[in-house]
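Enquirer: Got a predicted structure plus its sequence, pasted below:
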Amino acid sequence: MTNASAGAARIASLDILRGVVILLMMLDHVRERFYMHTRTGDPIFESIDPDLFFTRYVTHLCAPVFIFLAGLSAWLYAHPANGQYRSPTAFLFKRGLVIILIELCLYYLVWADSFPSFLFLQVLWAIGLCMIGLSLACRLNYWSLGALGFLIVFGYNLLGPFDFEPGGLGHVLWTILLDPNDLGQVGGLTINVSYPALPWFGVILLGYFAGPLYAQSVATLTRRKVLLGLGVSCLALLLLLRGPNLYGEALPWSVRETAVETVMSFLNFTKYPPSLDFLLITLGTGFLCLAWLESIRGQNKLFGAMRDFGAVPLFVYVVHLYVLLAAYWMLFLLFGPTHGERFGLSSVAGIWAGTIALALAHYPVAGAFAAYKHREKRDKPWLSYF
């Protein structure tokens with residue numbers, strides 16, 4: 001494989017994995033919109049049925065992998081194929097602000113029917129803050145940046161016992177950085193931080209640090225071996241830490257009545273904020289997926305569709321939320337409330353069926369917008385934000 005074709009394959013592998021993340025995100029949002037009558041909790045309630053447990057669990061891949069890829073993509077932006085470095089600071093800062101504005105405006109409107117008196121600062125908020133933070137951190141020495149990322153990811157669990165009294169500046173900063181909680185009220189609107197930013201900042205730093213793996217000078221086989229080694233190392237470390245409940249997760253696991261329940265207990269990790277064990281299993285799986293995608297050759301319609309979704313993730317993210325909102329109210333008007341005051345699906349299989357229908361509906365739209373973005377991005381810089 002030539003360097004040029006390898007570069008194309010590398011970009012394809014990143015877009016394909018990002019596309020898989022987008023589809024898993026759709027699955028999670030279908031569950032949230034149409035299965036809200038059964039809460040899953042964080043960590044996931046081990047009393048729920050295994051089908052719902054693992055449906056929720058597989059979507060854990062979304063945030064860690066997407067934010068890691070955001071950092072890696074920032075490195076690729078700074079080191080284009082022509083070899084001339086360009087600072088990503090301005091681009092990352094502006095993109096971070098745009099993503100936060102989408103969270104504050106468009107995302108709130110989607111869920112306002114469920115909690116109109118609350119503004120939940122969720123994943124887009126965290127991604128936006130991380131990009132703004134990376135816009136400053138990318139000025140650091142490369143090894144210092146990587147060391148900071150490792151320090152945050154492997155050390156922030158030690159900060160769990162610390163707390164601050166509500167109302168003070170310390171409480172505000174700690175809530176934004178590490179402790180999911182209410183920030184306060186503005187005009188009767190309670191602002192809640194669901195995604196504290198510090199752990200995710202560590203993840204985006206590691207993504208940027210991993211960027212040189214995708215340099216033109218790195219052979220495909222070398223990159224694949226490194227990714228495979230990273231994935232296996234993450235999962236091996238997880239076993240070492242989780243087995244004796246040593247470090248990395250506040251909720252201990254234990255042997256249960258059935259094998260499935262024991263597996264559920266062992267794999268059940270905290271997401272808000274993500275524990276080290278949570279990041280080890282999700283990023284480790286992501287590394288293994290990237291290693292496997294390095295071996296993909298030729299054209300494949302399924303991977304082509306994944307690549308289209310991954311090429312315009314923010315566009316698909318915003319559009320599918322409003323499609324889900326419209327679908328919910330159409331079904332509510334047709335069938336009325338089926339679970340309390342809400343319309344809801346009757347089975348977990350319905351969540352998967354609804355996700356497949358949603359993905360098929362978005363496939364031509366994502367493909368058309370991806371083609372438009374590729375064709376017009378030189379003349380329309382705003383397309384780079386999608």
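Expert: Alright, I've got the coordinates.
Enquirer: Hmm, residue 177 and residue 164 touching each other?
Expert: No: contact criterion CB atoms under 8 Å: residue 164 and residue 177 do not qualify, at 10.7 Å. Placement of C-beta: from N, CA and C, glycine included.
Enquirer: Identify the residue nearest the geometric centre of the chain.
Expert: In the chain, the residue lying closest to the centroid (CA atoms, centre = their mean) is residue 63, at 1.6 Å.
Enquirer: isn't that residue right up against residue 123?
Expert: Yes: counting by CB under 8 Å, residue 63 touches residue 123, with 5.5 Å between them.
Enquirer: so what's in contact with these two at the same time?
Expert: When CB atoms under 8 Å, 6 or more residues apart in numbering defines a contact, the residues bordering residue 63 and residue 123 alike are residue 195.
Enquirer: Go through stretch 303-314 and flag the buried ones.
Expert: Neighbour-count burial for stretch 303-314 flags 303, 305-314 (criterion: 16 or more other CB atoms under 10 Å).
Enquirer: Could you do stretch 117-130 as well?
Expert: Neighbour-count burial for stretch 117-130 [16+ other CB under 10 Å]: 118-130.
Enquirer: Lowest-confidence entry in those?
Expert: The pLDDT minimum for those sits at residue 118, where the score is 73.
Enquirer: List the beta-bridge partners for the closest residue to it other than its chain neighbours.
Expert: Nearest residue to residue 118, sequence neighbours excluded (CB to CB, 6 or more residues apart in numbering): residue 190, at 5.1 Å. With beta bridges defined as DSSP bridges, residue 190 has these partners: residue 118, residue 185.
Enquirer: neighbours around residue 190, how many?
Expert: Neighbour count for residue 190, taken as other CB atoms under 10 Å: 14.
Enquirer: I'd guessed it sits against residue 182; true?
Expert: Yes: in this structure, residue 190 is within contact of residue 182 by CB under 8 Å, at 5.8 Å.
Enquirer: can you pull the contacts of the residue nearest to the centre of the chain?
Expert: By CB under 8 Å, 6+ apart, the contact list for residue 63 reads 123, 126, 195, 200, 271, 274.
Enquirer: give the contact list for residue 328.
Expert: Contact analysis of residue 328 by CB under 8 Å, 6+ apart lists 33-34, 343.
Enquirer: do the same with residue 194
Expert: Listed by CB under 8 Å, 6+ apart, the contact partners of residue 194 are 120-122, 180, 272.
Enquirer: swap in residue 305?
Expert: 19, 363, 366-367.
Enquirer: quick one: which helix or strand includes it?
Expert: According to DSSP states H and E, residue 305 maps onto helix 301-311.
Enquirer: Going C-terminal from that helix, what's the next secondary structure element?
Expert: Of the helices and strands lying after helix 301-311 in sequence (DSSP H and E), the nearest is helix 313-335.
Enquirer: tilt between that next one and helix 301-311?
Expert: Between the axis of helix 313-335 and that of helix 301-311 there is an angle of 100 degrees, by axes from the mean of the first three to the mean of the last three CA atoms, to 10 degrees.
Enquirer: Now residue 39: closest residue in space that isn't a chain neighbour?
Expert: residue 45 (7.2 Å).
Enquirer: hang on, isn't residue 339 packed against residue 37?
Expert: Yes: between residue 339 and residue 37 there is a contact under CB under 8 Å: 3.6 Å.
Enquirer: packing partners for the helix or strand hosting residue 229?
Expert: Secondary structure assignment for residue 229, by DSSP H and E: helix 220-242. On a contact count with 3 or more CB pairs under 8 Å, 6 or more residues apart in numbering; DSSP states H and E, helix 220-242 meets helix 3-34, helix 276-293.
Enquirer: make it 10 Å
Expert: helix 3-34, helix 259-267, helix 276-293 (3 or more CB pairs under 10 Å, 6 or more residues apart in numbering; DSSP states H and E).
Enquirer: now the buried residues of stretch 303-314 in a markdown table, with pLDDT?
Expert: Output for the buried residues of stretch 303-314, formatted as a markdown table (pLDDT from 0 to 100):
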| residue | pLDDT |
| --- | --- |
| 303 | 85 |
| 305 | 87 |
| 306 | 88 |
| 307 | 89 |
| 308 | 89 |
| 309 | 92 |
| 310 | 91 |
| 311 | 89 |
| 312 | 90 |
| 313 | 90 |
| 314 | 89 |
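Enquirer: Could you point out which of the residues you listed is nearest to residue 262?
Expert: The nearest member of these to residue 262, counting by CB to CB, is residue 306 at 33.2 Å.
Enquirer: and the nearest residue to that closest one once chain neighbours are set aside, how many neighbours?
Expert: Excluding the flanking residues, the one nearest residue 306 by CB to CB, 6+ apart is residue 19, at 3.5 Å. Counted with other CB under 10 Å, the neighbours of residue 19 add up to 26.
Enquirer: ok, residue 19 to residue 315 distance?
Expert: Separation of residue 19 from residue 315 (CB to CB, to the nearest Å) stands at 12 Å.
Enquirer: quick one: low-confidence parts of the stretch 251-386 of the chain?
Expert: For the stretch 251-386 of the chain, the stretches with pLDDT under 70 are 297-299.
Enquirer: looking at it, residue 270 is touching residue 252, isn't it?
Expert: No: using CB atoms under 10 Å, residue 270 is not in contact with residue 252, being 11.8 Å away.
Enquirer: what sits up against stretch 377-386?
Expert: Stretch 377-386 is contacted from outside by 77, 91, 94-95, 98-99, 102, 311-318, 369-370, 372-376, using CB atoms under 10 Å, 6 or more residues apart in numbering.
Enquirer: go with 8 Å
Expert: 91, 94-95, 98, 312-315, 369, 372-373, 376.
Enquirer: Which parts of the stretch 101-250 of the chain are strands?
Expert: All strands of the stretch 101-250 of the chain, identified by DSSP state E, counting those that start in this stretch, fall at 118-121, 181-186, 189-193.
Enquirer: This completes my enquiry, with thanks.
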